[in-house]
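Novice: Model the following, please.
(one chain, ligands or ions: 1)
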Amino acid sequence: MITAEALTKNYGVKRAVDSVSFTVQPGKVTGFLGPNGAGKSTTMRMIVGLDRPSTGTVTVNGRKYGEHAAPLREVGALLEAKSVHKSRSARTHLRSLAATHSIPNARVDEVIELTGLSAVATKKVGGFSLGMGQRLGIAVALLGDPQTLILDEPVNGLDPEGVQWVRHLARQQAAQGKTVFISSHLMSEMALTADHLIIIGRGRIIADAPIEQVISGQNLPTARVKTDDADALMNALLGENIQVTRLDAETISVVGLDGRTIAQRALDHNILLHELTPQQQSLEEAYMALTQNDVEYHSSLGQQAFAGTNGKQA
Ligand SMILES: Nc1ncnc2c1ncn2[C@@H]1O[C@H](COP(=O)(O)OP(=O)(O)OP(=O)(O)O)[C@@H](O)[C@H]1O
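Specialist: Numbers count the residues shown, from 1 in each chain. All right, here's what the predicted structure looks like:
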């Protein structure tokens, strides 16, 4: 279990993490979501002692990371920008880490096999692709067969097979009773992987709940609409707390308006609808609604074109 209490990190005048308190429970996959710069990596780095909290505490199974006798066996972490000797092979890198924790070489071979690195185990790490580097990072995280796994953007750079593999790995580890904490920007993938979500925005917790509750908690009416004049319909539907997303040339998704209101607005603007289907809100839509006031880095294109929406354009 990971326990954060009033955890805060300041970088100069910038407060990256602002008094967050949460627990990450064993036996579940907990997704850690938030816009760019929200504080996810900083929080994860504090969990494994790579950053010192300005105030507050974070522990893993009741102890600070550095207080564990064999941290690799307790917590496995994939974090950005791991330092790796580029001239070493993947196997040598893993063996040297294993040696510091009295982990047998047989376990190194096991994680190489598990992470699909067998064919490149003797190749120099410096020549690895982004995806192979991610697999090696995950191999390092798994090396000590830790009770707690922390993965920062693990599917970054992975091919579809790799993405699916990370999902199965996370589910499998949680099923074994382990604590699994994963950050990601891939909502569709998170929806398939996580049991519980912690959402952070501008350093503060916005939501901490089971995934179904995060989705239904927004409880906003959602519909998919087809029309020959999607641009005109999008303009007709714009408004506060309404998200309009272009799905293809003639299809848009609307969150925040019921079917009758959408039909009435279309009628008022003389726009023909040829399909209007109520939808179950997706995690992505719930996430966009939750974080819309906490996004620090907007694209100017999205803002100008569809202020108040999540503005995906054809
Ligand atoms: N070493 C640092 N020095 C100064 N500011 C930092 C440092 N590390 C992070 N920050 C700032 O702290 C804030 C949180 O950054 P962090 O990397 O934790 O966000 P994140 O949620 O992981 O973002 P992303 O999704 O883009 O990876 C950002 O505003 C970032 O610019």
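Novice: When you work out contacts or count neighbours from here on, use the C-alpha atoms and nothing else.
Specialist: Will do.
Novice: Mind jotting down where the helices sit in the chain?
Specialist: Using DSSP state H, the helices assigned to the chain run over residues 40-47, 71-74, 90-100, 105-114, 130-142, 160-175, 187-193, 211-218, 230-237, 259-268, 283-291, 300-305.
Novice: Any chance of the ones you listed in a markdown table with mean pLDDT and distance to the ligand as columns?
Specialist: Formatted as a markdown table, the helices of the chain follow (pLDDT from 0 to 100; distance: least, C-alpha to the nearest ligand atom, whole Å):
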| stretch | mean pLDDT | distance to the ligand |
| --- | --- | --- |
| helix 40-47 | 97 | 4 |
| helix 71-74 | 90 | 22 |
| helix 90-100 | 94 | 25 |
| helix 105-114 | 96 | 26 |
| helix 130-142 | 93 | 15 |
| helix 160-175 | 94 | 18 |
| helix 187-193 | 93 | 13 |
| helix 211-218 | 83 | 19 |
| helix 230-237 | 96 | 29 |
| helix 259-268 | 96 | 34 |
| helix 283-291 | 86 | 12 |
| helix 300-305 | 40 | 17 |
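Novice: Turn the ones you listed into CSV, columns for mean neighbour count.
Specialist: Shown next, in CSV, are these (neighbours: other C-alpha atoms under 10 Å):
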stretch, mean neighbour count
helix 40-47, 23
helix 71-74, 20
helix 90-100, 19
helix 105-114, 18
helix 130-142, 23
helix 160-175, 17
helix 187-193, 17
helix 211-218, 17
helix 230-237, 18
helix 259-268, 14
helix 283-291, 19
helix 300-305, 12
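Novice: In CSV, list the ones you listed along with distance to Gly27.
Specialist: Converted to CSV, the helices of the chain look like this (distance: least, C-alpha to C-alpha, whole Å):
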stretch, distance to Gly27
helix 40-47, 19
helix 71-74, 15
helix 90-100, 26
helix 105-114, 21
helix 130-142, 16
helix 160-175, 4
helix 187-193, 13
helix 211-218, 15
helix 230-237, 43
helix 259-268, 40
helix 283-291, 22
helix 300-305, 39
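Novice: can you tell which of the ones you listed is closest to Thr251?
Specialist: helix 230-237 (6.9 Å; C-alpha to C-alpha).
Novice: okay, the closest residue to the ligand within the stretch 51-200 of the chain: pLDDT?
Specialist: Residue nearest to the ligand within the stretch 51-200 of the chain: His185 (7.2 Å; C-alpha to the nearest ligand atom). pLDDT, the model's per-residue confidence, is 90 for His185.
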